[in-house]
Structure formats: C-alpha cells, structure tokens
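Q: This is a predicted model, with the sequence first.
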Amino acid sequence: QVQLIESGGGLVQAGGSLRLSCTASGLTFMSAVMGWFRQAPGKEREFVAAIRWTGGSTYYADSVKGRFTISIDNADNTVNLQMNSLKPDDTAVYYCAGPRSYSGNTYHTSSYQYWGQGTQVTVSS
C-alpha cells in the first residue's frame, strides 16, 4: 500500500516562497512518475509539476514554469516542490500523487493511483 504524506503548506505574502514535501512509502518500482496537483475553491484539480523518480525528468504547468522546482530526495523517499515568486493565484490545496500509470497522461489526475491528504497554500496580496 502506497502512502503519501504532504507537509510544508502555510500562509505567505505575494513574492514569497514555500517548500512542500511529500514523503512516499510503499512504492515498489522506482521508475515511477510522481506529481503535484492543486485545487482552488470552486475549481477543478489541476496539474502543477511531475518528476520521474529514476532519471529525474521533470514536467511543469505553464503557469508555474520558472517559479516552481520539483525534485526528489532519495535518502528520504521525498518529492519536494520549491515554490518561489508566489502569487495570489497560487492559493490552493496542494496534493501529492503517484505513481502515474505506465501509459497514463502525466498531466491528468486520472493517471495517478494514490493521493495525499493535501496541504493548504495561501498567498496574500
């Protein structure tokens, strides 16, 4: 059973930074693609970033390119999301997800089997 536990959310002013972490347990194949998604009130859950555990290929939504960086810490089995230059539009609950199905679309929620409980990120203007 895969478990994903997020941490690191909070309240920050526009232009500030936050670092989210997702600790994964129970993964049985290290070629998995892991992702971060977010959901703002009244909106659908949307793709933010993803990374392949082995090899480190990364994927980003256009809205966060150049501001967010996804990375893996193999020592702790953790997927991190460094968020810089935060904007009020980044306010949402952020979810860690994975692993992506073998032939699934990296950008679609339906491709990911397990989800964390979510962590709130609030950016004030």
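A: In hand now; what should we look at?
Q: So what does the residue positioned nearest the centre of the chain have for phi and psi?
A: Centroid-nearest residue in the chain: Trp36, 2.0 Å away (criterion: CA atoms, centre = their mean). Main-chain torsions, Trp36, degrees, to the nearest 10: phi -120, psi 130.
Q: What's opposite it in the beta bridge?
A: Going by DSSP bridges, Trp36 is paired in beta bridges with Ala49, Cys96.
Q: hey, where'd the strands end up in the protein?
A: 3-7, 10-13, 18-25, 33-39, 46-52, 58-60, 68-73, 78-83, 92-100, 112-115, 119-124 (DSSP state E).
Q: Could you dump these into a markdown table with distance to Thr106 and mean pLDDT added?
A: Where you see a C-beta, it was placed from the backbone N, CA and C, and this is true even at glycine. As requested, those are exported to a markdown table (distance: least, CB to CB, whole Å; pLDDT from 0 to 100):
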| stretch | distance to Thr106 | mean pLDDT |
| --- | --- | --- |
| strand 3-7 | 17 | 94 |
| strand 10-13 | 27 | 98 |
| strand 18-25 | 16 | 94 |
| strand 33-39 | 6 | 96 |
| strand 46-52 | 5 | 96 |
| strand 58-60 | 5 | 97 |
| strand 68-73 | 12 | 95 |
| strand 78-83 | 14 | 96 |
| strand 92-100 | 6 | 94 |
| strand 112-115 | 9 | 93 |
| strand 119-124 | 21 | 98 |
